[in-house]
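# my questions are about this predicted structure, shown below with the sequence.
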Amino acid sequence: MITRLVTQNVLWLAVMGVLLFGAAHTLAWPAAWCYLIELGGLGLWVGVWLAGYDPALLAERLGSFSQRGQSAWDKVFLVCVAIGWCAWLVLMGLDARRFHWSSMGPWLQAVGALAILVSMVAMRAVFRANSFAAPVVKIQAERGHKVSDSGPYAYVRHPMYAWAILFLAGTPLMLGSWWGLACAPLLVAALAYRAVLEERMLCAQLEGYAQYAARVRYRFLPHVW
């Protein structure tokens, strides 16, 4: 499984590198190199930890984005998100490096790197609390799917999405793209849309989720939403 983890990590970083450096039209972009190195290192760190702590969850997270039992709307959603993510990376390459539309101080880029670090460390706490945090929306009946309500799930219903917001803000900051940062709310809105549809499915199909949703009132941020 570690071999698969490393392989997928390298392939994903390679695709992102092609999009970023291709749009930038140069390899001389230190911020992008630092971004890919940070993502690669943190991704392997979380993955190797998960291989020891919860290999079943790691297997789920390494699975295809189109799976049996997955909600049909989620398959369409993930295709749209993949396209949007690629377009976002291209925009930031054009903005921050090729045409220099944006000018961002190094301290803001350091804040972006820190935001990514915090989000990835927090994701590990999410995976510790929820063995069913798969990347696709489905009921994992074969694994005895049940409601997770401890750790960060005691405060918000979608802590993984909540920490993803920090990641989505940190990425354009680290890459130095104001246009990328301006587009980040669109990706956050997509996460919110998915969370609502996911909850409808969980309330209908997962025992105890409706009661959990009534008890934990907020989806992403306490006292906000």
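Here it is on my side, so go on.
# packing partners for the biggest helix by length in the chain?
Longest helix in the chain, counting residues (DSSP state H): helix 178-205. Applying 3 or more CB pairs under 8 Å, 6 or more residues apart in numbering; DSSP states H and E, one finds that helix 178-205 contacts helix 72-93, helix 159-175, helix 209-215. Every C-beta, even on glycine, is put in place using the N, C-alpha and C of the backbone.
# so which of those helices is nearest residue 12?
Closest to residue 12 of the helices and strands packed on helix 178-205 is helix 72-93 (CB to CB; 10.7 Å).
# okay, residue 1: pLDDT?
Note on residue 1: pLDDT of 83.
# tell me how far it lies from residue 181.
36 Å (CB to CB, to the nearest Å).
# okay, the two: which has more neighbours?
residue 181 (22 against 13; other CB atoms under 10 Å).
# so what's the more buried one up against?
Contact partners of residue 181, counting by CB atoms under 8 Å, 6 or more residues apart in numbering, are 169, 172, 173.
# redo these as CSV? Include distance to residue 8.
Compiled in CSV, these are given as follows (distance: CB to CB, whole Å):
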residue, distance to residue 8
169, 25
172, 24
173, 26
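# show me what the least confident helix or strand in the chain by mean pLDDT is packed against.
Within the chain, no helix or strand scores below helix 55-61, which has a mean of 94 by mean pLDDT, DSSP states H and E. Packing partners of helix 55-61 (3+ CB pairs under 8 Å, 6+ apart): helix 30-53.
# what residues sit buried inside the helix it packs on?
Within helix 30-53, the residues that count as buried by 16 or more other CB atoms under 10 Å are 31-32, 34-36, 38-40, 42-43, 46-47, 50-51.
# ok, so of those, who is nearest residue 147?
residue 50 (20.6 Å).
# which residues touch the spatially most central residue of the chain?
When CA atoms, centre = their mean is applied to the chain, the residue found nearest the centroid is residue 164 (5.0 Å). Each residue near residue 164 by CB under 8 Å, 6+ apart is listed here: 119, 191.
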